[in-house]
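> please work out how this folds:
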Amino acid sequence: MVERRPFLNILTHLVLIAGVLIVAFPVYVAFIASTHEPSAFVRGVLPLTPGDNLLESYGQMLNAGWQVGGTPPVWLMLGNSLIMALTIAIGKISISILSAFAIVYFRFPFRMLAFWIIFITLMLPVEVRIIPTYAVVANLGMLNSYAGLTLPLIASATATFLFRQFFMTVPEELMEASRVDGAGPMKFFKDILLPVSITNIAALFVIMFIYGWVQYLWPLLVTTDEDFYTIVLGIKRLMASSDRVPAWNLIMATVTLAMLPPVLVVLFMQKLFVKGLTETEK
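Numbering: from 1, shown residues only. The predicted model follows:
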């Protein structure tokens, strides 16, 4: 029997609406700011209705960038960030799922030692090992390249751990049945494990894509060529030059454009993402 409590329903909806407003209002303000002239910020009162400079602000940043701020066109930075985020997400998932498959389904010496060594690297994020990692990348001549942007960030102990835990819940009868049918390890992996791992892969893809999209410190170190600037690095350069030449409308236009790809990824993969995080029975 479901107990009806109108007051609790109303309270729940009010809390949800308040949460949406708190999250969405700064985004709305950023969009409104991108449609006004820079002088609107000097007056100290920001309008809450769109201005007349929407096409001008977005057109300038997309096509030409802002030379005073030292930023290339936004479409180039968006493309670099997209390549970086996709490479990191796909690379992390590919390496992690194969690593977990080997650890769970193969018996070899020091198997668990290898897993715990991978797991311990969770305590060594990029910021901790950034100097030796930079030295290796520089010695290999990968500065100002997509390989230098992505390869040092492509391994993931977290994803390996999550895939391992999931594979341990897969019934052994499936493996035995595939073995009876004459399927080898890779056929079992391709035809059985991958299909049942789709929701987990989707959830990890969303998380890893956003992780790659918001990277700042590593691109700051390995890129000095404007052709390889990411969108987050471009926003930081715009912010640094805003004290000399205020152009907050251009900054907010860039920020608004930078939000679109992650939002679209979350929207298109929302069902699989939620299912991958909440599904317990496989």
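
> mind checking pLDDT for the residue nearest the centre of the chain?
What sits nearest the mean C-alpha location of the chain, by CA atoms, centre = their mean, is residue 210, with 1.2 Å. Here the pLDDT value assigned to residue 210 is 93.

> in what helix or strand does it lie?
helix 198-213 (DSSP states H and E).

> so residue 76 touches residue 229, yeah?
Yes. Residue 76 lies in contact with residue 229 (CB atoms under 8 Å); the separation is 7.4 Å. Every C-beta, even on glycine, is put in place using the N, C-alpha and C of the backbone.

> look at the two and report which has more neighbours.
With other CB atoms under 10 Å as the criterion, residue 76 and residue 229 differ in neighbour count, and residue 229 comes out ahead with 23 against 19.

> for the stretch 151-282 of the chain, which spans come out with low pLDDT?
242-246, 276-282 (pLDDT under 70).

> any chance you could map the helices in the stretch 1-150 of the chain?
With DSSP state H, counting those that start in this stretch, the ranges of helices along the stretch 1-150 of the chain come out as 6-34, 39-42, 54-63, 74-105, 111-120, 130-139, 146-150.

> list the buried residues in the fifth one.
Going back to what we said before, that points to helix 111-120. 115, 118 (16 or more other CB atoms under 10 Å).

> residue 200 contacts residue 164, correct?
No. The pair residue 200 and residue 164 fails to qualify as a contact (CB under 8 Å) at a distance of 11.2 Å.

> comparing those two, which residue is more hemmed in?
residue 200 (23 against 20).

> coming back round to it: for the helix holding residue 210, packing partners?
Secondary-structure packing of helix 198-213 (3 or more CB pairs under 8 Å, 6 or more residues apart in numbering; DSSP states H and E): helix 74-105, helix 157-167, helix 248-268, helix 270-278.

> need the CA coordinates for it. PDB is fine.
Taking Å, rounded to 0.1, in the frame of the first residue of the first chain, the C-alpha atoms of helix 198-213 are listed here in PDB:
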ATOM      1  CA  ILE A 198      27.400  -1.800 -21.800                       C
ATOM      2  CA  THR A 199      25.800   0.100 -19.000                       C
ATOM      3  CA  ASN A 200      29.000   0.100 -17.000                       C
ATOM      4  CA  ILE A 201      31.000   1.300 -20.100                       C
ATOM      5  CA  ALA A 202      28.500   4.100 -20.700                       C
ATOM      6  CA  ALA A 203      28.600   5.300 -17.100                       C
ATOM      7  CA  LEU A 204      32.400   5.300 -17.100                       C
ATOM      8  CA  PHE A 205      32.500   7.000 -20.500                       C
ATOM      9  CA  VAL A 206      30.500   9.900 -19.200                       C
ATOM     10  CA  ILE A 207      32.700  10.300 -16.100                       C
ATOM     11  CA  MET A 208      36.000   9.900 -18.100                       C
ATOM     12  CA  PHE A 209      34.900  12.200 -20.800                       C
ATOM     13  CA  ILE A 210      34.100  15.000 -18.300                       C
ATOM     14  CA  TYR A 211      37.400  14.200 -16.600                       C
ATOM     15  CA  GLY A 212      39.300  14.700 -19.900                       C
ATOM     16  CA  TRP A 213      37.300  17.800 -20.800                       C
END
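
> any buried residues in it, and which?
Using 16+ other CB under 10 Å as the test for burial, helix 198-213 gives 199-213.

> and for stretch 146-159?
For stretch 146-159, a neighbour-count test (16+ other CB under 10 Å) marks 148-159 as buried.

> now do the end-to-end distance for that stretch.
End-to-end distance for stretch 146-159: 22 Å, by CA to CA, to the nearest Å.

> quick one: distance of that stretch to the chain centre.
Relative to its chain's centre, stretch 146-159 lies at 12 Å (CA atoms, centre = their mean, to the nearest Å).

> which other residues reach it?
80, 83-84, 87-88, 91-93, 95-97, 118-122, 126, 133, 136-137, 142, 204, 208, 212, 215, 218-219, 222-223, 228, 230 (CB atoms under 8 Å, 6 or more residues apart in numbering).

> got the angle for the helix holding residue 210 vs helix 157-167?
With axes from the mean of the first three to the mean of the last three CA atoms, to 10 degrees defining the directions, helix 198-213 sits at 180 degrees from helix 157-167.

> for the residue nearest to residue 160 when sequence neighbours are not counted, give me its contacts.
Excluding the flanking residues, the one nearest residue 160 by CB to CB, 6 or more residues apart in numbering is residue 96, at 4.3 Å. Contacts here follow CB under 8 Å, 6+ apart; on that basis residue 96 touches 155-156, 159-160, 162-163, 204.
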